[in-house]
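Asks: A predicted structure for the sequence below; I have some questions about it.
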Amino acid sequence: MTRSRVAAVWAGLLIAAAVVFGAPLPASAHAVLVSSSPADGARLDAAPSEVVLTFDERVGLVPGAALVLTGTGGRADSGAARLSADGRSLVIPLRTGLDDDVYTATWRIVSADSHVVDGSVRFGVGRDAAAAAGPPQATWSGLDAVAAVVTGVLYAGLVLAVGVPVGAALLAPARSRSRRVRALAAAGTAAAAAAAFVGLLLRGPRAS
């Protein structure tokens, strides 16, 4: 194989890798909390009227999944959370006359890439936020495990659907249209399509 041929093969493989592994990358760019008011760990002299959580992209609201808890687990929010006009901030209204306590604001939202993101911030009113125990750590649910398997099937399907035909065309052009290559590509396409469909079905249950 000539040097130019080797260079062409490597260039083709790099392009195929970019298509297969680069295309899903936006799906991993989940929404990230960039600021909150009150700030995480803040100590306030008076209770605020609301908690504002600002993200780096537009987010979707999951009904009933954003709330503020007192140090004993009671509810400190006064109503349903809402999104700001630009869709980047989550606003949680608070009850009036809150006592001195440590409060935890928790949320679960849907990123622009359809993935569910959750988290929490704590602040104290008349108390140090660090003085209270932190919120319970998130657990990995069965739905998360299924979603991880679905993601793996999606990647594998893309490798078969795109990588195999491209690699065959570059390395063995005479066999690029063989029955085996076409079967692998078809299987990969079917697997990727099925995984994408199942991932879409999982979005609602995981959010709730």
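Replies: On my side now, so go ahead.
Asks: going forward, measure contacts and count neighbours with C-alpha atoms only.
Replies: OK.
Asks: Give me the three-state assignment for residue 182.
Replies: helix (DSSP: H, G, I helix; E, B strand; the rest coil).
Asks: shaky segments in the chain?
Replies: 1-29, 131-144, 203-208 (pLDDT under 70).
Asks: so where do the strands sit in it?
Replies: Assigned by DSSP state E, the strands in the chain fall at 33-37, 42-44, 50-55, 60-61, 67-69, 82-83, 89-93, 101-110, 116-125.
Asks: want to throw the ones you listed into CSV with mean neighbour count?
Replies: Shown next, in CSV, are the strands of the chain (neighbours: other CA atoms under 10 Å):
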stretch, mean neighbour count
strand 33-37, 15
strand 42-44, 18
strand 50-55, 21
strand 60-61, 18
strand 67-69, 22
strand 82-83, 18
strand 89-93, 22
strand 101-110, 22
strand 116-125, 20
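Asks: Reformat these as CSV; add distance to residue 184.
Replies: Below are these laid out as CSV (distance: least, CA to CA, whole Å):
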stretch, distance to residue 184
strand 33-37, 41
strand 42-44, 56
strand 50-55, 41
strand 60-61, 37
strand 67-69, 48
strand 82-83, 45
strand 89-93, 45
strand 101-110, 34
strand 116-125, 32
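Asks: right, so of these, which gets closest to residue 202?
Replies: Nearest to residue 202, of all those, is strand 116-125, at 10.4 Å by CA to CA.
Asks: For that closest one, which strands pair with it and how are they oriented?
Replies: In the sheet, strand 116-125 lines up against strand 42-44 (parallel), strand 101-110 (antiparallel) (DSSP bridges).
Asks: residues contacting residue 58?
Replies: 31, 86, 87, 88, 89, 111, 112 (CA atoms under 8 Å, 6 or more residues apart in numbering).
Asks: And for residue 71?
Replies: So residue 71 contacts 101, 102, 103, 104, 132 (CA under 8 Å, 6+ apart).
Asks: swap in residue 117?
Replies: 30, 31, 108, 109, 110, 111.
Asks: and if we set it to 10 Å?
Replies: 30, 31, 32, 33, 59, 107, 108, 109, 110, 111, 206, 207 (CA atoms under 10 Å, 6 or more residues apart in numbering).
Asks: follow-up on the earlier one: I'd like the contacts of residue 71 laid out as a markdown table, including distance to residue 49.
Replies: Below are the contacts of residue 71 laid out as a markdown table (distance: CA to CA, whole Å):
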| residue | distance to residue 49 |
| --- | --- |
| 101 | 15 |
| 102 | 15 |
| 103 | 13 |
| 104 | 14 |
| 132 | 22 |
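Asks: if we can go back for a sec, which of the contacts of residue 117 sits closest to residue 118?
Replies: Using CA to CA, the contacts of residue 117 come closest to residue 118 at residue 108, 4.1 Å.
Asks: All good on my end, thank you.
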